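A.B. asks: here's my sequence, what's the structure:
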Amino acid sequence: MDPDAKEAVRRAAERRGVAAEDRAVAALVARGWTVLARRVRTPAGELDLIAEREELLAFVEVKARATLAEAAAALSERQQRRLMAAAEIWLATSPGHGGKGIRFDVILVAPDGMRRITDAFRA
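C.D. replies: Now for the predicted structure:
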């Protein structure tokens, strides 16, 4: 694949990811969550969404694929470890959040729907 075609594919994937995150943000806000940050880059990796409700802090990974099953299969153990490390970095620089707990959620997004898995994995 030539460099221009690769760049076009990358841009299309980026647009799909942002659209999926927009849907996830809307769903969280509708359920009373405050989105504190989006696409936070740390030395350990990127956190898609950070949200809080009633002092419960959620690091939310958004997975968009053609089907919900494909989205569910897209989160590897290696990525889970990276997300936990990135969350630790964010927590160290953002004190005062998560007084009632911290969890990792995953929001699966596909053209036919969306599903949220709360407390999807633990440190």
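
A.B. asks: for the lengthiest helix in the chain, packing partners?
C.D. replies: Using DSSP state H to define each element, the chain has its longest helix at helix 3-30. If you count contacts as 3 or more C-beta pairs under 8 Å, 6 or more residues apart in numbering; DSSP states H and E, helix 3-30 packs onto strand 34-42, strand 45-53, strand 56-64, strand 102-110, strand 113-121. C-beta: built from backbone N, CA, C; applies to glycine.

A.B. asks: in contact with residue 121, which residues?
C.D. replies: Contacts for residue 121 (C-beta atoms under 8 Å, 6 or more residues apart in numbering) come out as 80, 104.

A.B. asks: tell me the SS of the residue nearest to residue 63 when sequence neighbours are not counted?
C.D. replies: Nearest residue to residue 63, sequence neighbours excluded (C-beta to C-beta, 6 or more residues apart in numbering): residue 71, at 4.1 Å. Following DSSP: H, G, I helix; E, B strand; the rest coil, the label given to residue 71 is helix.

A.B. asks: okay but residue 71 is in contact with residue 110, surely?
C.D. replies: Yes - under the criterion of C-beta atoms under 8 Å, residue 71 makes contact with residue 110 at 5.8 Å.

A.B. asks: so what's in contact with those two at the same time?
C.D. replies: 64-65.

A.B. asks: out of those two, which sits in the busier spot?
C.D. replies: residue 71 (21 against 18; other C-beta atoms under 10 Å).

A.B. asks: name all residues that make contact with that one.
C.D. replies: Counting by C-beta under 8 Å, 6+ apart, residue 71 has contacts 63-65, 108-110.

A.B. asks: kindly recompute the last result at 6 Å.
C.D. replies: Shown in contact with residue 71 (C-beta atoms under 6 Å, 6 or more residues apart in numbering): 63, 65, 108, 110.

A.B. asks: from residue 45, how far off is the third one?
C.D. replies: Look at residue 108 and residue 45: by C-beta to C-beta, to the nearest Å, they are 19 Å apart.

A.B. asks: pick out whichever of these two has more residues nearby.
C.D. replies: The residue with more neighbours, out of residue 108 and residue 45, is residue 108; 26 against 16, by other C-beta under 10 Å.
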